[in-house]
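J.: just coords:
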């Protein structure tokens with residue numbers, strides 16, 4: 001005899017799985033369209049802000065990944081597996097019967113789409129697209145807006161903010177805390193080392209995470 005409640009949970013998980021693909025495609029399409037509205041990008045400013053720490057984290061981590069194949073592969077895999085990480089946490093909440101499963105779905109959806117207006121306000125393409133020598137050649141530039149190719153999806157880093165939420169919602173289980181913390185470190189490494197983001201991008205991501213969770 002089948003459990004109707006269990007069947008309903010799997011139906012919800014299946015629908016959520018179907019939603020992740022068109023939602024990501026919609027955001028990608030929207031970001032591409034927004035990029036045509038803001039041809040001038042702020043990457044020179046972000047490069048200067050990152051330099052206030054006395055180094056350029058994106059360039060440093062990018063060079064690290066170039067010389068460590070396993071770390072590079074792990075970071076890239078984690079970066080591309082973000083929807084899977086979200087679904088795993090969502091499934092854990094469904095199976096455990098936690099009422100927070102609905103909140104989890106709402107938070108991840110808002111987190112995904114709320115970034116779009118920020119992309120428009122702060123157009124950034126990332127060091128890999130703005131600086132052809134990334135990560136080996138560190139440019140010396142003055143702060144000004146400039147035209148760069150690429151999609152404006154730098155601030156905030158949705159990958160990083162989503163990984164923060166994965167960690168937050170996985171904190172209820174010991175294994176979840178360990179696995180999601182490791183995943184968060186890999187996402188941090190991937191977003192910087194891939195040249196898609198600056199260190200400054202983490203600050204809006206953390207702030208948006210606090211707002212949505214609060």
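T.: Ah, there it is. As the structure is a computational prediction, the values presented were derived from the model and not from experiment.
J.: hey, where'd the strands end up in the chain?
T.: 40-41, 146-147 (DSSP state E).
J.: helices or strands up against the first one?
T.: Spelled out, it's strand 40-41. strand 146-147 (3 or more CB pairs under 8 Å, 6 or more residues apart in numbering; DSSP states H and E). For the C-beta atoms, the positions are set from N, CA and C on the backbone; glycine is no exception.
J.: give me the mean pLDDT for the strand it packs on.
T.: If you average the pLDDT over strand 146-147, you get 90.
J.: also stretch 196-214?
T.: 64.
J.: again, but for stretch 53-71
T.: Stretch 53-71 comes out at a mean pLDDT of 93.
J.: distance between it and the chain's centre?
T.: Stretch 53-71 has its C-alpha centroid displaced from the chain centroid by 18 Å (CA atoms, centre = their mean, to the nearest Å).
J.: for it, buried residues please.
T.: Within stretch 53-71, the residues scored as buried using 16 or more other CB atoms under 10 Å are 56-59, 61-65, 71.
J.: residue 180 is nearest to which of the strands of the chain?
T.: strand 40-41 (32.3 Å; CB to CB).
J.: so where's the chain uncertain?
T.: Confidence mapping of the chain against pLDDT under 70 gives the ranges 1-19, 99, 202-214.
J.: report the central residue of it.
T.: With distances taken as CA atoms, centre = their mean, residue 159 lies nearest the centre of the chain, 0.9 Å away.
J.: wait, that one touches residue 187, no?
T.: Yes: using CB atoms under 8 Å, residue 159 makes contact with residue 187 at a distance of 5.5 Å.
J.: mutual contacts of those two, please.
T.: Contact criterion CB atoms under 8 Å, 6 or more residues apart in numbering; residues shared by residue 159 and residue 187: 79, 82.
J.: what residues of stretch 106-118 count as buried?
T.: 107-108, 111-112, 115-116, 118.
J.: also stretch 147-167?
T.: 148, 150-167.
J.: measure it end to end?
T.: 36 Å (CA to CA, to the nearest Å).
J.: gap between that stretch and the chain center?
T.: 4 Å.
J.: swap in stretch 81-93?
T.: 14 Å.
J.: circling back: in CSV: the strands of the chain, plus distance to residue 134.
T.: Listed next are the strands of the chain as CSV, based on distance: least, CB to CB, whole Å:
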stretch, distance to residue 134
strand 40-41, 15
strand 146-147, 15
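J.: fine by me, we can end here.
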